[in-house]
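Peer 1: kindly return the folded structure for what I paste below:
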Amino acid sequence: MPDPTDSYPMPPSRPDSDGIRFHADSIDPRSLDPDAKRIVKRLQRHGHEAYFVGGCVRDLLIGREPKDFDVATSASPSAIRRLFRNGRIIGRRFRLVHIYYGDRICETATFRREPSRDDEDDDLLIREDNEYGTAQEDARRRDFTVNGLFLDPTTREVLDYVDGLEDLEDRLLRTIGDPFRRMAEDPVRIMRAVKFATRLDFEIEEETWDAICESAPQLERSAPARVFEEIVRLLRSGTSQGAFKMLWACGALPVLLPEHGRYLGRYRPRPRDTTRQAGDFFPVLEALDHRVSQGYEPSLALMLASLYLPLVENRVQRTEPQDPHPVDFEVQDIAAELMEPMLARARVSRKEGTRAQRLLAMQPAFATRPGHWAHAEGDHDPQANFSPLLFARSDGFREALELFRLRVVARGKGRDIWEAWNTRYQRAKQATEEEIEAEHRRLRKGKRRRRRRSKRRRRPRKAQD
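Peer 2: Predicted coordinates for the structure are as follows:
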């Protein structure tokens, strides 16, 4: 017999009368994660109610492959931990259990209900969310109807308390309950709505969109780390261009990224009114989306560099081409100045921030005139202070070249330059130790020549009688 205190509340013998249950014949049993299914079965064998929940159910029903499978159960975190030796209780604001299978994690949470509030408290922002409840209460406290569905993987039955199936069929994104209250409780839901709408190609219900626009300024109250995590997810989604346009349209972008808000200015819904800044910014995100759709997995540094590339280029007031150099320190300083407020707010590691700034500072070297390349590689010119070979072998070059590729695609010009540098990169990877050392000697020789030349002084002319 299970301990009654291990489940809160005790599972009902039948689903609540307010919910509907149906058999999902469209779901292929082979698409269900075996580890997550094993978790549900063990919880059910010990007398607990347990289901797949959230995004995995939504994705299965619309024919998408879920990225992960989350489990919701009536078992308390301590009861889950006792059943799974490979489980670990985490979280303060929201206590749940991570169950490990190799390098994979299955997130298992106890049913929650809306937190109790003081009637005199006008602040709806959720700060504590550990009040346990029933499956119905758990469904009704979630954000959007299409995310409030439960699936029993053993029977392939879907349990719907929030009319999520109807909205799923209509491809409509709607909050559960009053949208203005939902956004006030957790403003990060604005970013989640934008993510789901763009990634799933859903339309946002009109009242929900009005609540998003009205609540956008409240995002400044959200934890910066959570906000930054959602920004990264948008950049990695393959639909970042549409997502950031939607954030700009609802007024959230100036709150999330004030530097970008100032750069883009007021939102203009008509394409013919698009500013030069918008014409420079959004094509870079479109190019990033295209690479993600091809299976490319951008690093955090590359995503940050892509996000700030148009802003940095806008700041660099330069008309004359500079002598080639692997890292342009003027550009690096500008990138650091622009990125520092966001990095400090989100507490991004200095290593990632510095790497993103370096990728931006390496861009001017790619735009060097072809004449410089031939000039620099010739042994006949010891004064050349730039080696394409050593540049192509330097730290971060591959990502910097990828960033340059995004810029080329976004601007629609410079593909021949990118192809030339890509060819040089492939050759550089095959360079011998003798070739590399020869380049180092040539650069050292050029530096000595320049130092000797700088010490020469013009002799004073003799005074005439």
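
Peer 1: go through stretch 133-150 and flag the buried ones.
Peer 2: Neighbour counts over stretch 133-150 (16 or more other CB atoms under 10 Å) mark 133-150 as buried. (C-beta placed from N, C-alpha, C; glycine too.)

Peer 1: any chance of the backbone angles for residue 68?
Peer 2: phi -150, psi 170 (degrees, to the nearest 10).

Peer 1: which non-adjacent residue is nearest it?
Peer 2: residue 56 (6.7 Å; CB to CB, 6 or more residues apart in numbering).

Peer 1: just for the chain, where's the confidence low?
Peer 2: The model of the chain has pLDDT under 70 over residues 1-18, 93, 116-130, 318-324, 368-384, 446-465.

Peer 1: out of the buried residues of stretch 133-150, which are inside helices?
Peer 2: Of those, the ones assigned to helices by DSSP state H are 135-140.

Peer 1: that's a strand at residue 158, yeah?
Peer 2: Yes. Assessed by DSSP: H, G, I helix; E, B strand; the rest coil, residue 158 belongs to a strand.

Peer 1: gap between the helix or strand containing residue 108 and the chain center?
Peer 2: Here residue 108, judged by DSSP states H and E, is contained in strand 104-110. Relative to its parent chain, strand 104-110 has a centroid offset of 21 Å by CA atoms, centre = their mean, to the nearest Å.

Peer 1: sheet partners, orientation included, of it?
Peer 2: Next to strand 104-110 in the sheet, as set by DSSP bridges, lie strand 70-73 (parallel), strand 96-101 (antiparallel).

Peer 1: now do the strands in the stretch 201-350 of the chain.
Peer 2: For the stretch 201-350 of the chain, the strands defined by DSSP state E, counting those that start in this stretch occupy 203-204.

Peer 1: hey, where'd the helices end up in it?
Peer 2: Taking DSSP state H, counting those that start in this stretch as the test, the helices found in the stretch 201-350 of the chain are 206-215, 224-235, 240-250, 253-256, 258-264, 276-293, 300-315, 329-346, 350-361.

Peer 1: and what of the stretch 351-465 of the chain?
Peer 2: Under the criterion DSSP H, counting those that start in this stretch, the stretch 351-465 of the chain contains helices at 363-366, 370-377, 388-392, 397-411, 415-429, 433-455.

Peer 1: one step back: and the ones in helices among the buried residues of stretch 133-150, which is closest to residue 293?
Peer 2: Nearest to residue 293 among these is residue 139, at 32.8 Å by CB to CB.

Peer 1: please verify my assumption that that closest one contacts residue 162.
Peer 2: Yes. Between residue 139 and residue 162 there is a contact at 5.4 Å, judged by CB atoms under 8 Å.

Peer 1: and the host helix or strand of residue 181, what's buried?
Peer 2: Under the criterion of DSSP H and E, residue 181 resides in helix 179-185. Residues 179-180, 182-185 are the ones in helix 179-185 that count as buried (16+ other CB under 10 Å).
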